[in-house]
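A.B. asks: let's see this in three dimensions:
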Amino acid sequence: MKNIADVFYNPSSTSDAISQAGEKMFLAIYKVPANEHNLNNHRYAAFLKSSTKVKSDLSSLPPTKGAAEQHSFRVYLQIQQWLNNLLVSGGGPEEKMDSQ
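C.D. replies: Next comes the predicted model:
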């Protein structure tokens, strides 16, 4: 867990590292077995298990990999702001619009 948190505290972490660390964190939060490394696969298995019950609770499913990735990016940005680290834009859509 410590090395997962280190990714979020490192101002030079790549988007891939943030995404992977976030997925690992969600897998840990949902107590997924150590041999399973894919959030979407676990979500599907949890859905199948839930759908066999009389009353299934879809809100208890883990997020999709894409949703977890976006959440991880927001967490990373928030931590960097708390640490007063200025992040350089990586050429996102807002930068492209400004240059036109």
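
A.B. asks: just the element for the residue nearest to Met1 when sequence neighbours are not counted, please.
C.D. replies: The spatial neighbour of Met1 that comes closest, neighbours along the chain excluded (CB to CB, 6 or more residues apart in numbering), is Ala28 at 6.7 Å. C-betas here are computed from N, CA, C, even on glycine. Assigned by DSSP states H and E, Ala28 belongs to helix 15-29.

A.B. asks: I'd say Thr64 and Asn41 touch.
C.D. replies: No: look at Thr64 against Asn41 with CB atoms under 8 Å: they stay out of range, at 11.1 Å.

A.B. asks: now do the phi/psi pair for the nearest residue to Ala46 once chain neighbours are set aside.
C.D. replies: What sits nearest to Ala46 in space, not counting adjacent residues and going by CB to CB, 6+ apart, is Leu61, at 5.4 Å. Backbone torsions for Leu61, taken as degrees, to the nearest 10, come to phi -70, psi 150.

A.B. asks: how near is Leu61 to Phe8?
C.D. replies: Going from Leu61 to Phe8 by CB to CB, to the nearest Å gives 24 Å.

A.B. asks: so the two - more neighbours on which side?
C.D. replies: Shown here are Leu61 and Phe8; by other CB atoms under 10 Å, Phe8 has more neighbours (20 against 16).
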